[in-house]
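**Q** Prediction below, plus the sequence it came from.
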Amino acid sequence: MTEAAALKREVCDAIDAMSPSLLGVSHAIHARPELAFHEHEAARILTAALDAAELPVTRGAFGLPTAYASAFGERGPEVAILSEYDALPGIGHACGHNIIATTGLGASLALAKLGAKLPGRVRYLGTPAEEMGGGKELMAQQGAFNGVDAAMMVHPAGVDLVTMPCICVSEVSVTYHGRSAHASAMPHMGLNALDALISAYQSIAQLRQHIKPTERIHGIVKKGGDAPNIVPDETSGLFYVRAANAEDLAPLKKRVQACFEAGALATGCTADIKWAKADYLDLKTSMPIAGAYETNARALGRDFFPLSKMPAGSSGSTDMGNVSHRVPSIHPMIACAPPHVVIHNPEFAKWAASDLGDKACIDGAKALAMTAIDYMTDGAMREQAKADFAATAESSARSVGAAYDPNGSTNIGGCGCM
């Protein structure tokens, strides 16, 4: 048996031994869903597990109160293993972040148990606010991934996939300010903020005829007025703007901005246009590392759905994309539900705490831990991952440079998965 094979067996045995406590963590987080930036109980549960394992932990890491960081290992390549744990408004853990939290925790605890035999270093990060706000980008701005050689996490789904098809997304809110008046007696005294919003919405609808097939713009009216007999003096909308990559996203954002400005110009209203602080970048998967993950997951009995058979346009967004343009990264999907059950659906939340969800927690932790060992011990794989990343490093640097707006808002900006 090779050194790597022996280490893999050891971490898998450790995860099996820890499975009751790991599943307890998953179920506890699932039972108390918390929204982005407010995951205080989830962070407490996860960091308590690190304390119990006598691992170092920094709470409130990298500028976010509900983030945390733990690092261990004395030598070799450094692998970042990530946990997410925020939920969705109204439908709880319908994205299965309780599973993401548990797989990252389980893999990290198992690797720590190798002690001096660990052939590398681990940086285990708790990354809040994936569903809104771009927590990983905010942490990256504070150096969370500096010095990391590779990063990995696994996301639940209805099928196993070697990677998640992802495109860029930027979120924007617009609020129009007009002047109220009696809509029948004195309409000429008013400035109609609803007209401004509807005009912008129609302009965006017309713009959609002339964008690339890989681009998307979609939005909602959040506030349209108070009563039909009052000229609306304040309205608001929220929109997602998506593109295949950051270089396509930037000009598309300018075109959408112009639509909002046109609504104000046409009606005499003013527009308060706020873009997200963090854009979510497309996912740049390191296929050498992803291939190792697939091999390890197949050894656990997992069967992967071919990417070539994915329906056209079935893409989501994740702030793991922002990490992937900084270091070689993977973001595979692990089945915790039947294929017809899609994420961001109330039905998916039920499966995230089911027997299949529990199996995804344990299998995901094992596959991540084994893949980390592969990365640490396989020099050829590391060199290939490094070379593949370097091939598009200049483009990635431009993408990273465009992904963060210091004047943007953390109250918007989200993954919009799938």
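**A** Nice, thanks for sending it over. Numbering: from 1, shown residues only.

**Q** The stretch 101-250 of the chain: strands as residue ranges?
**A** 121-126, 150-152, 155-157, 168-177, 216-223, 234-243 (DSSP state E, counting those that start in this stretch).

**Q** Output the ones you listed in a markdown table, with mean neighbour count appended to each entry.
**A** Glycine gets a C-beta too; all of them are placed from N, C-alpha and C. Supplementary listing: these in a markdown table, determined by neighbours: other C-beta atoms under 10 Å:
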| stretch | mean neighbour count |
| --- | --- |
| strand 121-126 | 25 |
| strand 150-152 | 27 |
| strand 155-157 | 27 |
| strand 168-177 | 25 |
| strand 216-223 | 15 |
| strand 234-243 | 21 |
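
**Q** Mind telling me what element the spatially most central residue of the chain is part of?
**A** To find the centre residue of the chain, average its C-alpha atoms and take the closest one (C-alpha atoms, centre = their mean): that gives residue 318, at 3.1 Å. Taking DSSP states H and E as the definition, residue 318 sits outside all helices and strands.

**Q** Can you tell me how far it is from residue 327?
**A** Using C-beta to C-beta, to the nearest Å, we find residue 318 at a distance of 15 Å from residue 327.

**Q** next one: residue 222
**A** Relative to residue 327, residue 222 is positioned 37 Å away (C-beta to C-beta).

**Q** so can I have TSV of the strands of the stretch 101-250 of the chain showing mean pLDDT?
**A** Supplementary listing: the strands of the stretch 101-250 of the chain in TSV, determined by pLDDT from 0 to 100:
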stretch	mean pLDDT
strand 121-126	98
strand 150-152	98
strand 155-157	97
strand 168-177	96
strand 216-223	95
strand 234-243	96
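
**Q** how does this structure divide into domains?
**A** 3-165+282-402, 168-275 (automatic domain parsing).

**Q** For residue 412, find the nearest of those.
**A** Between residue 412 and those, the shortest separation by C-beta to C-beta is 4.5 Å, and it involves domain 168-275.

**Q** from the chain's centre, how far out does that closest one sit?
**A** Domain 168-275 sits 26 Å away from the centroid of its parent chain (C-alpha atoms, centre = their mean, to the nearest Å).

**Q** closest to residue 409 out of the domains of the chain?
**A** With C-beta to C-beta, the closest approach to residue 409 among those belongs to domain 168-275: 4.8 Å.

**Q** Could you work out the end-to-end span of that closest one for me?
**A** Distance across domain 168-275, first residue to last, is 14 Å (C-alpha to C-alpha, to the nearest Å).

**Q** Surely residue 368 is in contact with residue 103?
**A** Yes: distance between residue 368 and residue 103: 5.9 Å, which falls inside the contact criterion (C-beta atoms under 8 Å).

**Q** still on that earlier bit, pick the most deeply packed of the domains of the chain.
**A** Greatest average neighbour count among the domains of the chain goes to domain 3-165+282-402 (a mean of 21), per mean count of other C-beta atoms under 10 Å.

**Q** that older thread, tabulate the domains of the chain in CSV, adding columns for distance to residue 409.
**A** Shown next, in CSV, are the domains of the chain (distance: least, C-beta to C-beta, whole Å):
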stretch, distance to residue 409
domain 3-165+282-402, 9
domain 168-275, 5
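
**Q** quick one: which of the ones you listed is nearest residue 410?
**A** Counting by C-beta to C-beta, residue 410 lies closest to domain 3-165+282-402 out of the domains of the chain; the figure is 4.6 Å.

**Q** could you pull out the helices for this structure?
**A** With DSSP state H, the ranges of helices along the chain come out as 3-31, 40-52, 97-112, 135-141, 193-207, 246-267, 287-299, 320-324, 346-351, 355-377, 379-391, 393-402.

**Q** how much space between the residue nearest to the centre of the chain and residue 341?
**A** 19 Å.

**Q** Over to residue 277?
**A** To residue 341, residue 277 is 32 Å away according to C-beta to C-beta.

**Q** same thing with residue 84?
**A** 19 Å.

**Q** With residue 186 instead?
**A** Applying C-beta to C-beta, the value for residue 186 to residue 341 is 54 Å.

**Q** again with residue 213
**A** Computed with C-beta to C-beta, the distance linking residue 213 and residue 341 is 27 Å.

**Q** on that earlier part again, dump the helices of the chain to a markdown table, plus mean pLDDT.
**A** Written out in a markdown table, the entries for these read as follows (pLDDT from 0 to 100):
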| stretch | mean pLDDT |
| --- | --- |
| helix 3-31 | 98 |
| helix 40-52 | 98 |
| helix 97-112 | 98 |
| helix 135-141 | 97 |
| helix 193-207 | 98 |
| helix 246-267 | 97 |
| helix 287-299 | 98 |
| helix 320-324 | 97 |
| helix 346-351 | 97 |
| helix 355-377 | 98 |
| helix 379-391 | 98 |
| helix 393-402 | 94 |
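
**Q** JSON lines please, covering these and showing distance to residue 58.
**A** As requested, these are arranged in JSON lines below (distance: least, C-beta to C-beta, whole Å):
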{"stretch": "helix 3-31", "distance to residue 58": "19"}
{"stretch": "helix 40-52", "distance to residue 58": "9"}
{"stretch": "helix 97-112", "distance to residue 58": "14"}
{"stretch": "helix 135-141", "distance to residue 58": "12"}
{"stretch": "helix 193-207", "distance to residue 58": "43"}
{"stretch": "helix 246-267", "distance to residue 58": "30"}
{"stretch": "helix 287-299", "distance to residue 58": "26"}
{"stretch": "helix 320-324", "distance to residue 58": "18"}
{"stretch": "helix 346-351", "distance to residue 58": "30"}
{"stretch": "helix 355-377", "distance to residue 58": "20"}
{"stretch": "helix 379-391", "distance to residue 58": "27"}
{"stretch": "helix 393-402", "distance to residue 58": "24"}
